[in-house]
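Student: sequence plus predicted model, see below.
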Amino acid sequence: MTEDDLDGSGWDIRKALRLLAKSNASFTGWLFSPIVYRANNDFLNEVKKVANANFNPVSGFYHFHSMNKNFEETLGSEKMTLKSFFYAIRTALCANWICKNETIPPVLFREMYSLINVGYHSKLEALIALKSERIEKSNDSIETDLISLVKDIVNENNSVKDRLVNKKPNPDDFNDLFLKTLK
């Protein structure tokens, strides 16, 4: 992060492919970010294909599901801020996306709206607008049905988590990409 609020990430190819083989959610979030300042598009497309083909739903799910537990504690409490609400719903939806689709969840929050009833969309949009006008720690009230929505998603995630299939990465995909990149 720079003083101009630019956020950049980078890893060497070996470390990046190791993270990817583990379905590291931080790395896949960075990889699939819609904001790209500079890229080798051929490499980016290849690494995304490898990421999608080797995604381990169990690893991805537990990353988001365990993160969600930290935010779930503040739901409906005095400690809840708009920011913590959005962390709670985003991590719950990411875990839910993985349960239902067994794919890497979208980086953009609105792309997960398909998981929830359309009646919540406008309420979430209003909160997004409110969050953009407030400081991050704002503790504006959030409708109880939205808090219940997050709790319901978490409960659903808890009830289906044991059905996820642990997928092993194909080492050849990573080795081939590594060697192709070095050439």
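Tutor: Looks like it came in fine. Here the structure is a predicted model, which is why all the values come from computation and not from measurement.
Student: low-confidence regions, this protein specifically.
Tutor: 1, 8-10, 136 (pLDDT under 70).
Student: show me how far the longest helix along the chain is from its chain's centre.
Tutor: Determined from DSSP state H, the single longest helix within the chain is helix 82-101. How far helix 82-101 lies from its chain's middle: 7 Å, per CA atoms, centre = their mean, to the nearest Å.
Student: buried residues, it. List them.
Tutor: For helix 82-101, a neighbour-count test (16 or more other CB atoms under 10 Å) marks 82-99 as buried. For glycine as for every other residue, the C-beta is placed from the backbone atoms N, C-alpha and C.
Student: and for stretch 19-38?
Tutor: 19-21, 23-25, 27-32.
Student: same deal with stretch 38-46?
Tutor: E46.
Student: mind checking how far it is from the chain centre?
Tutor: 21 Å.
Student: export that stretch to CSV, keeping only CA atoms.
Tutor: Output of stretch 38-46 as CSV, limited to C-alpha atoms (Å, rounded to 0.1, in the frame of the first residue of the first chain):
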residue,chain,number,x,y,z
ARG,A,38,-0.1,-4.2,-15.8
ALA,A,39,0.0,-7.9,-16.8
ASN,A,40,1.4,-10.4,-19.2
ASN,A,41,-2.0,-11.4,-20.6
ASP,A,42,-0.8,-14.8,-21.9
PHE,A,43,0.6,-15.8,-18.6
LEU,A,44,-2.4,-14.4,-16.7
ASN,A,45,-4.8,-16.4,-18.8
GLU,A,46,-2.7,-19.5,-18.4
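Student: contacts for the host helix or strand of N68 next, please.
Tutor: Assigning secondary structure by DSSP states H and E places N68 in helix 57-72. With CB atoms under 8 Å, 6 or more residues apart in numbering as the test, helix 57-72 has contacts from 22-25, 28, 84-85, 87-88, 91-92, 94-95, 98-99, 102, 104-105, 150-151, 154, 157, 161, 164-167.
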